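In: Could you work out the structure for the sequence below:
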Amino acid sequence: MTEINADTWTWNRLSRGEPTFWLNSGRPIPHETPPSIGLRDIEDARARWERFAPLLKALFPDQVTDGIIESPLIPVPKLAARYLPEEHRDASSRIFVKADHALPVAGSIKARGGIYEVLCLAERVALAEKIISGHDDDYSKLASPLAREKFARYRLLVASTGNLGFAVGTMGRALGFETTVHMSSDAKTWKKDRLRKLGAIVVEHAADYTSAVAAARSEAAAADNAHFVDDEQSLELFLGYSVAGLRVAEQLKKAGIEVSAKKPLCVYLPCGVGGAPGGVLFGLRAVFGDNVWGFFAEPTASACMLMRLMSQLPPEASVYDIGLDNRTEADGLAVGRASELVVAAVGEHVKGAFTVADDEMFRWVARAQREEGLRLEPSAAAGFPGALQHIWTVPAPEVANATHLMWTTGGSMVPDEQYQAMLARGVALTANE
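Out: Down below sits the predicted model:
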């Protein structure tokens, strides 16, 4: 096996499946050539979202009243005041949740990337089939019976542990695409059932996410008029997520929050394969540069991104190679191998990463509900210990003046029976607090 070249104590904790906190020392991370994208590409992606606003409003009038899929910044003073280290409780007013757990249409951060890539495909087909005459046309025409008839001739495929499949399936079926979702063994049954009710074809795999991706990619390559939403390699997916950077910048400005070298923005992002957190961090850095401190959060059993960032292991290495089993209740983060696109695009700019045990995620589900009324799934709570615990061990004076943003990634659309079971587990684990 290739030499590790990482702090031995930290690496040993990681490979034993113990909670681990790592700070990027600035050591070069071997990676492929970064993609040739920048702020202009992100602005173009935002413009595409805006072109589609009339269509989204027409398709989902009860959820997207203005045609924009976005989430609020929510202050969480009660949660922060209770769980910040006592000597840092005065920072409670600078702790926020970026509430992607409540994003409309798909109920998770995957709405940003998954829905965006489906819209990119729809735009190309609509222009080719002359449903619209150009970018200045009325995109609500894409909801017409004629458009659905045209879209039905095209196949849309994706592999997912759950939330990406639901986002792609929801948008794909709303437009009329024949949609197939390859689901890994980690995917929850209720997510598969909901996709089938939408009319999507669900292919279940006994193996993990990486195997589901390979199967979906192979099926798409062999089919005519097929498009594969590639969570590992897609630039469209990545750019869809990156628009969040521009949106957050606007929200911070409206709230009068300064981001600067002395007052950085610390962002804590749950990470699976890396597409969503990587795209968000890329977008934020396009606006704020090094004044953004990005931290990725992963389950202890599925630390593929942290493994990739802190070692000299090759891109094809997986968590199984270091003795982890990739078994976690945080299904959205159950990934064995990191996206090389994300490593190339933002790997050297990740400020740090940490892993969280399943029970700890369930504790934060319960705490977030009890203190702030937030409805989260376990994976969405993975970033909380970063903002409320780990960052305060970093010997940097900027931390005290920073704004801390915990990105919650899913949970609002979890069926009540499943949510209550998650909450009950968290409540039991926090009974003595």
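
In: got the buried residues for the helix of greatest length in the chain?
Out: Counting residues, the longest helix found in the chain (DSSP state H) is helix 235-254. By neighbour count on 16 or more other Cβ atoms under 10 Å, the buried set for helix 235-254 is 235-249, 251-252. Placement of C-beta: from N, CA and C, glycine included.

In: The helix or strand where residue 148 lies: how far from the chain's middle?
Out: Per DSSP states H and E: residue 148 is located in helix 145-151. Distance of helix 145-151 from the chain centroid (Cα atoms, centre = their mean, to the nearest Å) equals 31 Å.

In: go on, stretch 81-93?
Out: That offset, for stretch 81-93, works out to 27 Å (Cα atoms, centre = their mean).

In: Tell me the buried residues in that stretch?
Out: 83-84, 91-92.

In: Reformat the residues you listed as CSV; add secondary structure.
Out: Below are the buried residues of stretch 81-93 laid out as CSV (DSSP: H, G, I helix; E, B strand; the rest coil):
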residue, secondary structure
83, helix
84, coil
91, helix
92, helix
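
In: tell me the domain ranges of the chain?
Out: Domain segmentation of the chain under automatic domain parsing yields 8-36+66-106+243-429, 110-235.

In: What is the end-to-end distance of the longest one?
Out: Yep, that's domain 8-36+66-106+243-429 we're talking about. 31 Å (Cα to Cα, to the nearest Å).

In: circling back to that earlier point, does anything pack onto the helix holding residue 148? Which helices or strands?
Out: helix 116-128, helix 163-175 (3 or more Cβ pairs under 8 Å, 6 or more residues apart in numbering; DSSP states H and E).

In: Can you tell me which of these is packed in deepest?
Out: Most buried of the helices and strands packed on helix 145-151, by mean neighbour count (mean count of other Cβ atoms under 10 Å): helix 163-175, with a mean of 28.

In: The closest residue to residue 34 other than its chain neighbours and residue 294: what is the separation?
Out: In space, and not counting its chain neighbours, residue 34 is closest to residue 344: 4.6 Å by Cβ to Cβ, 6 or more residues apart in numbering. Remark: distance between residue 344 and residue 294 (Cβ to Cβ, to the nearest Å) = 15 Å.

In: Show the low-confidence segments of the stretch 101-250 of the chain, by residue range.
Out: Low-confidence regions of the stretch 101-250 of the chain, defined here as pLDDT under 70, do not occur.

In: hmm, who's touching stretch 120-133?
Out: 48, 51-52, 134, 138-139, 141-142, 144, 146-147, 150-151, 154, 156, 175, 177, 227, 236 (Cβ atoms under 8 Å, 6 or more residues apart in numbering).

In: Helices along the stretch 201-350 of the chain, start to end?
Out: 209-221, 235-254, 275-288, 304-310, 340-346 (DSSP state H, counting those that start in this stretch).

In: Nearest to residue 373, out of those helices?
Out: Smallest distance to residue 373 across those (Cβ to Cβ): 20.3 Å, for helix 235-254.

In: Give me the distance from that closest one to the chain's centre.
Out: 12 Å.

In: Same question for stretch 105-112.
Out: 9 Å.

In: One more: stretch 160-177?
Out: The answer for stretch 160-177 is 15 Å, by Cα atoms, centre = their mean.

In: for residue 8, what are its contacts?
Out: Per Cβ under 8 Å, 6+ apart, neighbours of residue 8: none.

In: three-state assignment of the closest residue to residue 23 other than its chain neighbours?
Out: Spatially, and ignoring its direct neighbours in sequence, residue 23 is nearest to residue 352 (4.5 Å; Cβ to Cβ, 6+ apart). At residue 352 the chain is in strand, as set by three-state DSSP.

In: Assess the claim that residue 352 and residue 297 are in contact.
Out: No. Contact between residue 352 and residue 297 fails when scored by Cβ atoms under 8 Å: they sit 10.0 Å apart.

In: who's more crowded, these two?
Out: residue 297 (31 against 22; other Cβ atoms under 10 Å).

In: pLDDT wise, what is the nearest residue to that one once chain neighbours are set aside at?
Out: Counting by Cβ to Cβ, 6+ apart, residue 382 is the residue found nearest to residue 297 once chain neighbours are left out, at 3.9 Å. pLDDT, residue 382: 98.

In: ditto for residue 35
Out: Listed pLDDT for residue 35 reads 91.

In: mind listing the strands in the chain by residue range?
Out: In the chain, the segments counted as strands under DSSP state E are 21-23, 73-75, 95-99, 155-160, 178-183, 201-204, 226-229, 265-270, 292-299, 350-356, 403-408.

In: now those strands in TSV, with distance to residue 109?
Out: Shown next, in TSV, are the strands of the chain (distance: least, Cβ to Cβ, whole Å):
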stretch	distance to residue 109
strand 21-23	23
strand 73-75	14
strand 95-99	9
strand 155-160	13
strand 178-183	17
strand 201-204	21
strand 226-229	15
strand 265-270	8
strand 292-299	13
strand 350-356	17
strand 403-408	7
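
In: Now the helix holding residue 148 - C-alpha only, PDB.
Out: Below are the C-alpha coordinates for helix 145-151, written out as PDB (Å, rounded to 0.1, in the frame of the first residue of the first chain):
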ATOM      1  CA  PRO A 145     -48.000  18.400 -22.800                       C
ATOM      2  CA  LEU A 146     -45.800  18.800 -25.900                       C
ATOM      3  CA  ALA A 147     -42.700  19.200 -23.700                       C
ATOM      4  CA  ARG A 148     -43.600  16.100 -21.700                       C
ATOM      5  CA  GLU A 149     -44.000  14.200 -24.900                       C
ATOM      6  CA  LYS A 150     -40.600  15.200 -26.100                       C
ATOM      7  CA  PHE A 151     -38.900  14.600 -22.700                       C
END
